[in-house]
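Asks: let me see the structure of the following:
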Amino acid sequence: MSDVVTVRIDEETKRKIKRYGIPVSHVARAAILREIERKEHEEALQALKRMKEILRKVEIKRVVGHIREDRTSR
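Replies: The predicted structure is shown next:
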């Protein structure tokens, strides 16, 4: 299912769209998808930064010890 999105543009822009035969729906859809991708990338980077801060607090020796303990218990 799809929805309709309306964009208000000035007369000069509308005239240029017609002059150059710009497929408005295609261009708008592509621009929106690019922006969504950019926002998702930005969100992923923020999540990585938060994870980095959390992992910075983890002691490596303790993790290694748990891994070794798990391996020997098998």
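
Asks: mind listing the helices for this structure?
Replies: Here the chain has its helices, by DSSP state H, at 11-20, 24-56, 60-72.

Asks: Met1: which of those is closest?
Replies: helix 24-56 (15.2 Å; CB to CB). (Each C-beta comes from the backbone N, C-alpha and C, glycine too.)

Asks: now do the buried residues in the closest one.
Replies: For helix 24-56, the buried set under the neighbour-count rule, 16 or more other CB atoms under 10 Å, is empty.

Asks: what's the angle from that helix to helix 60-72?
Replies: Going by axes from the mean of the first three to the mean of the last three CA atoms, to 10 degrees, helix 24-56 is angled at 90 degrees with respect to helix 60-72.

Asks: make TSV out of the helices of the chain and add mean pLDDT and distance to Met1.
Replies: Shown next, in TSV, are the helices of the chain (pLDDT from 0 to 100; distance: least, CB to CB, whole Å):
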stretch	mean pLDDT	distance to Met1
helix 11-20	98	27
helix 24-56	97	15
helix 60-72	90	47
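
Asks: in JSON lines: these, plus distance to Val5.
Replies: Formatted as JSON lines, those follow (distance: least, CB to CB, whole Å):
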{"stretch": "helix 11-20", "distance to Val5": "16"}
{"stretch": "helix 24-56", "distance to Val5": "7"}
{"stretch": "helix 60-72", "distance to Val5": "49"}
